[in-house]
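Asks: next one to model:
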Amino acid sequence: MSATNYRRIIIGDVHGHYESLMTLLDAIAPISDDKIYFLGDLIDRGPQSSQVVDFVKNNHYECVLGNHEHMLLNILTSGQAPTSIVQAWLCSGGQATVASYKQATIPEDHVEWLKALPTYLDLGDVLLAHAGVDPSIPLVEQTADQMCWVRDKFHSMDKPYFADKLIIVGHTITFTLPGVTPGQLAQGKGWLDIDTGAYHPRSGWLTALDITNWLVYQVNVLNKCLRTLPLKEGLAFVDPAGFEVARCQRAKSVIS
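Replies: Numbers count the residues shown, from 1 in each chain. This next block holds a predicted model:
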């Protein structure tokens, strides 16, 4: 344990897997002084989105806005959202969220809480964002469109965005990045991705990272397996050049 006497614990994309989240927290066994943060995408895909939102909200845990919350809020606040946008959300896991509420509408207190979620949390030495940042834009100009949705432009940075701050994100399942296998966390130039794909059949791992002691806690949604390991044992480094190779391979496959 650090000399601070409390841990800072970051939890990746839960995607409605409430029971697995409870199993993960039982393994972490947080005390009252520990600080727990969520990286967004509490909802969609899994069966218990309403319970996840209720739990995070009622425990006053800090959480950043994820792209799935962003999609939902765009629908709820747009008046009459186009059918195509609603269908896109429902097909991206929103149907499971609707079913989890077991009522015609999402409660107003949940909606207001989701509206208040920040796009990032600055912890001093660490910045938490759901997807990352656009490396070409200053932090003060980043919007939810960048911080909830960015992918390759962020992960393929050839130098850190901050000189003195690590960016920790979810959003992009780590095994979709070059050289990363299911369950591994991914690290690049100034960033660390901990979305190990809890909902995905190729992975099933829900991850929490203790950044005080650099310990990884994981529970597998599919087989209920639990494991704890030092970060260095569960980490893969992503070479920015790998993104260009992947882009070239995709281009060749289209041409052929």
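Asks: what about stretch 80-96, distance to the chain center?
Replies: Relative to its chain's centre, stretch 80-96 lies at 20 Å (Cα atoms, centre = their mean, to the nearest Å).
Asks: for that stretch, give the mean pLDDT please.
Replies: Averaged over stretch 80-96, pLDDT sits at 86.
Asks: contact partners of it?
Replies: 15-16, 43-47, 49, 68, 71-72, 74-75, 78, 98, 199 (Cβ atoms under 8 Å, 6 or more residues apart in numbering). All C-beta atoms are positioned from the backbone trio N, CA, C, and that covers glycine.
Asks: the stretch 101-250 of the chain: helices as residue ranges?
Replies: 108-115, 144-147, 152-155, 241-255 (DSSP state H, counting those that start in this stretch).
Asks: report the buried residues of stretch 206-220.
Replies: 206-212, 215-220 (16 or more other Cβ atoms under 10 Å).
Asks: just checking, which of those belong to strands?
Replies: 206-210, 215-220 (DSSP state E).
Asks: farthest pair in those?
Replies: Asp210 and Asn220 (18.5 Å; Cβ to Cβ).
Asks: how about the contacts made by the spatially most central residue of the chain?
Replies: Geometric centre of the chain, nearest residue: Gly170, 2.9 Å, by Cα atoms, centre = their mean. Gly170 makes contact with 12-13, 39-41, 66, 130-131, 193-195, according to Cβ under 8 Å, 6+ apart.
Asks: and Glu69, by the same measure?
Replies: 40-43, 114, 117 are the contacts of Glu69 under Cβ under 8 Å, 6+ apart.
Asks: roughly how far does it sit from Leu123?
Replies: The gap separating Glu69 from Leu123 is 20 Å, by Cβ to Cβ, to the nearest Å.
Asks: still on that earlier bit, select only the buried ones of the contacts of stretch 80-96 in ChimeraX?
Replies: Buried residues among the contacts of stretch 80-96 (16+ other Cβ under 10 Å), as a ChimeraX selection:
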select :15,16,43,44,45,46,49,68,71,72,75,98,199
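Asks: and of the contacts of stretch 80-96, the nearest to Trp149?
Replies: Met71 (9.8 Å).
Asks: quick one: the strands in the stretch 51-200 of the chain, in order.
Replies: 62-63, 120-122, 126-129, 166-169, 185-188, 191-193 (DSSP state E, counting those that start in this stretch).
Asks: and the second one, what does it pack against?
Replies: Which is strand 120-122. Judged by 3 or more Cβ pairs under 8 Å, 6 or more residues apart in numbering; DSSP states H and E, the packing partners of strand 120-122 are strand 126-129.
Asks: distance from the strand it packs on to the middle of the chain?
Replies: Put simply, strand 126-129 sits 11 Å off its chain's centre (Cα atoms, centre = their mean).
Asks: same deal with stretch 232-241?
Replies: Worked out by Cα atoms, centre = their mean, stretch 232-241 lies 18 Å from the chain centre.
Asks: kindly report the same for stretch 227-235.
Replies: 18 Å.
Asks: mean confidence score for it?
Replies: The model assigns stretch 227-235 a mean pLDDT of 97.
Asks: list of residues touching it?
Replies: By Cβ under 8 Å, 6+ apart, stretch 227-235 touches 27, 183-187, 209, 214-218.
Asks: check stretch 148-162 too.
Replies: 40, 65-67, 70, 119, 127, 130-136, 167, 169, 171-172, 177, 186, 188-191, 193, 238, 240, 243-244, 247.
Asks: please, a ChimeraX command that selects the buried ones among the residues you listed?
Replies: For the buried members of those, the matching ChimeraX selection, counting by 16+ other Cβ under 10 Å, is:
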select :40,65,66,67,70,119,127,130,131,132,133,134,135,167,169,171,172,177,186,188,189,190,191,193,238,243
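Asks: on that earlier part again, any chance of the strands of the stretch 51-200 of the chain in a markdown table, with mean pLDDT too?
Replies: Below are the strands of the stretch 51-200 of the chain laid out as a markdown table (pLDDT from 0 to 100):
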| stretch | mean pLDDT |
| --- | --- |
| strand 62-63 | 98 |
| strand 120-122 | 98 |
| strand 126-129 | 98 |
| strand 166-169 | 98 |
| strand 185-188 | 97 |
| strand 191-193 | 98 |
